[in-house]
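Enquirer: Provide a 3D model corresponding to the input given below.
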Amino acid sequence: MKVFEHVNSYPASPAEVLEMLTSQEFREHVCTYQDALEHTVRIDRDGAVTEVEITRTQSMKGAPSIATKVVGDTVRIVQRERWTGPETADLVMEIPGKPGHLRGTVRLVPNHDGGTDEVFRGEVKVGVPLVGGRLEGMVEEVLRRALRREGRVGASWLGQD
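Expert: Here you go, the predicted structure:
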């Protein structure tokens, strides 16, 4: 198991960032920016709880051969966020039918610049004997790249290129 941490910073309030992160249009835009081959976005609100589910298929073109042997030429990723308040969500990213996942949290934390840090913390696990540790590092890098892209889209979305 590998510890995962990542931060996206936005020059906006936590409320504005949450509004963006729970927007269907924003999540659709992120999938397009990430070159998803196909995607679906579902957002359900029930009182103070908002659930976001994103399913996307990505090409594995250019990935190490060890990764394509495990997942194939494309990978389907399901990302679930369960926002239980204005600043905290449980996060799960899975590859259905494959032995890998990220489980953790997302927190919206006011920063010293008057903006908000979106802080991701969790654990990456790939249950493949002998090569799981190596694959965890690759999965971590893929997730980090996707989150950096989401951060760039978010900065643009908030009008802060």
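
Enquirer: Now do stretch 84-104, average pLDDT.
Expert: The average pLDDT for stretch 84-104 rounds to 88.

Enquirer: Flag every buried residue along it.
Expert: 87, 89, 91, 93, 95, 98, 100, 101, 102, 103, 104 (16 or more other C-beta atoms under 10 Å). (Each C-beta comes from the backbone N, C-alpha and C, glycine too.)

Enquirer: Likewise for stretch 41-61?
Expert: 41, 43, 50, 51, 52, 53, 54, 55, 56, 58, 60.

Enquirer: One more: stretch 17-26?
Expert: 17, 18, 20, 21, 22, 26.

Enquirer: Pipe these into TSV and attach distance to residue 5, secondary structure and pLDDT per row.
Expert: Converted to TSV, the buried residues of stretch 17-26 look like this (distance: C-beta to C-beta, whole Å; DSSP: H, G, I helix; E, B strand; the rest coil; pLDDT from 0 to 100):
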residue	distance to residue 5	secondary structure	pLDDT
17	18	helix	97
18	20	helix	97
20	21	helix	97
21	18	helix	97
22	22	coil	97
26	23	helix	97
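
Enquirer: out of those, who's nearest residue 11?
Expert: residue 17 (9.9 Å; C-beta to C-beta).

Enquirer: before we move on, back to that, tabulate the buried residues of stretch 17-26 (JSON lines), appending distance to residue 124.
Expert: Listed next are the buried residues of stretch 17-26 as JSON lines, based on distance: C-beta to C-beta, whole Å:
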{"residue": "17", "distance to residue 124": "24"}
{"residue": "18", "distance to residue 124": "25"}
{"residue": "20", "distance to residue 124": "25"}
{"residue": "21", "distance to residue 124": "21"}
{"residue": "22", "distance to residue 124": "24"}
{"residue": "26", "distance to residue 124": "25"}
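
Enquirer: Could you let me know which of the residues you listed ends up closest to residue 120?
Expert: residue 21 (11.7 Å).

Enquirer: what distance separates stretch 46-56 from the middle of the whole chain?
Expert: Mean-position distance between stretch 46-56 and its chain equals 13 Å (C-alpha atoms, centre = their mean, to the nearest Å).
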